[in-house]
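>>> Everything below, folded, please.
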Amino acid sequence: MSDDPVREMLREVADGVEPGDRLDAIRSATSGGRRTSRGWWATGGVALVAASVVTALALTTGGTPRSEDPDPAEPTPTRTTATNGPRPEQEPRARPVYYLGDTPDGPRLYREFRPLAGDPLQVAVDAAIGRGQDDRSLAPLDPDYWVPWPETTWAGAIVDYDEGVIEISLAASPFAGDPETDLRSRGTLSQAEAELAVEQVIRTAQAAVQERLPVRFLLYNEITDQVLGVPTSEPLAEGSDLEVLAHVSLSDPSDGATVDNDDPFTVKGLGNSYEGNIVTEIQRHEGVVEIVQMEPAIAGTYEDKLFPFEVTFDLTDVPPGDYLVTSRTDDPSGEARFHTDSRRITIVD
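Okay, here's the model as predicted:
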């Protein structure tokens, strides 16, 4: 027998052989007896494991979104009933996904807009745990961000409008040691990182459905008392913005963007800073490091939220090359405890 059960099953499919008991083992390892009042459970990455030998159907319920929006206005995702089946987006669209990054105050969450096609909730949650639609690892576009979840993690995501919650059902590869224990404990993560990992999925899911619904976590389709060591017996709401989010987060440009120096260059983001001050710099990223342009902006302060800001640069006299765009908060203490977010860009003629 092969040392790799998944590879062995794929070989059996190619040879026209029924995989038999091992497929049953995968099904039993990734499904449970719990059902919502609508009688369905959507699987994300779990379905991808069995996709080589069976077809998994992911369903999402219908409903009318309220006007609350945890992020800047995004197109309202299409929702369908279980009867009609899902209508995933066929073309990639920018979806907000939260990742961890470092700040002077420890790890915080940063938001990144990812081009993703498919069911808006499912693909966003998949990206948050580091998994692409092809079942491969999916890293953040910005190398300063990172995914805290174990690489073997899969997630199914649905909205239960009867109970008014988002359900995230987690699972792990049945070939990865003791997967349930792996997802119940925080492993090598610090307590702060584990709590942010859970918060990361909550905020990504809420942004996808554009409602601040509480999030119920399940393991193998059953309610669990903890995920990554974080208590999850009851549905969880999002935490305080200023306690879990980096105090500055760029929305545009995306990391690695190409910018024409003949056109105005606009930087957009969210921030909360002393007296609202946010400074954005363009710094040469090759050769002699120097700041070529700088623009201040006023976002907001005091309230437990991030405020939008926007600055526009004239790049006419900036030569082509690689640059780093950085926005930072103010720090009246003089200790340089700035929260920053940056994007790499290439300026062309």
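
>>> Any regions of this protein where pLDDT drops low?
The model of the chain has pLDDT under 70 over residues 1-89, 174-181.

>>> ok, 90 please
For the chain, the stretches with pLDDT under 90 are 1-91, 133-136, 151-152, 172-182, 285-289, 332-334, 336.

>>> Where do the helices of it begin and end?
5-14, 21-29, 45-50, 120-128, 179-184, 191-209, 241-244 (DSSP state H).

>>> tell me which residues of the last one are tucked away?
Using 16 or more other Cβ atoms under 10 Å as the test for burial, helix 241-244 gives 241-242, 244. To be clear about C-beta, it is placed using only N, CA and C from the backbone, and glycine gets the same treatment.

>>> and those as a markdown table, adding distance to Ala124?
Converted to a markdown table, the buried residues of helix 241-244 look like this (distance: Cβ to Cβ, whole Å):
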| residue | distance to Ala124 |
| --- | --- |
| Asp241 | 19 |
| Leu242 | 23 |
| Val244 | 18 |
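
>>> for those residues, which one is nearest Val267?
Distance to Val267 across the buried residues of helix 241-244 (Cβ to Cβ) is lowest for Asp241, with 20.9 Å.

>>> Next up, the contacts around that closest one.
272, 304-306 (Cβ atoms under 8 Å, 6 or more residues apart in numbering).

>>> What lies in contact with stretch 224-240?
70, 148, 165, 170, 183-187, 189, 191, 194-195, 197-199, 202-203, 206, 212, 214-219, 223, 244, 304.

>>> Would you mind checking these for buried ones?
By 16+ other Cβ under 10 Å, those give 70, 148, 165, 170, 183-184, 186, 189, 194-195, 197-199, 202-203, 206, 212, 215-219, 223, 244 as buried.

>>> Leu324 contacts Gln283, doesn't it?
Yes - counting by Cβ atoms under 8 Å, Gln283 is a contact partner of Leu324 at 4.8 Å.

>>> Tell me the residues that contact both of these two, please.
Counting by Cβ under 8 Å, 6+ apart, nothing touches both Leu324 and Gln283.

>>> Which residue, other than its chain neighbours, is closest to Ala157?
If the residues on either side of it in the chain are set aside, Ala157 comes closest to Val125, at 4.3 Å by Cβ to Cβ, 6 or more residues apart in numbering.

>>> Only alpha carbons, please: show stretch 324-332 as CSV.
C-alpha atoms of stretch 324-332 as CSV (Å, rounded to 0.1, in the frame of the first residue of the first chain):
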residue,chain,number,x,y,z
LEU,A,324,7.6,51.3,-1.5
VAL,A,325,4.4,53.2,-0.5
THR,A,326,4.1,53.4,3.3
SER,A,327,1.3,55.0,5.3
ARG,A,328,1.9,55.5,9.1
THR,A,329,0.2,56.8,12.1
ASP,A,330,1.4,59.7,14.3
ASP,A,331,3.1,59.1,17.7
PRO,A,332,3.2,62.1,20.0
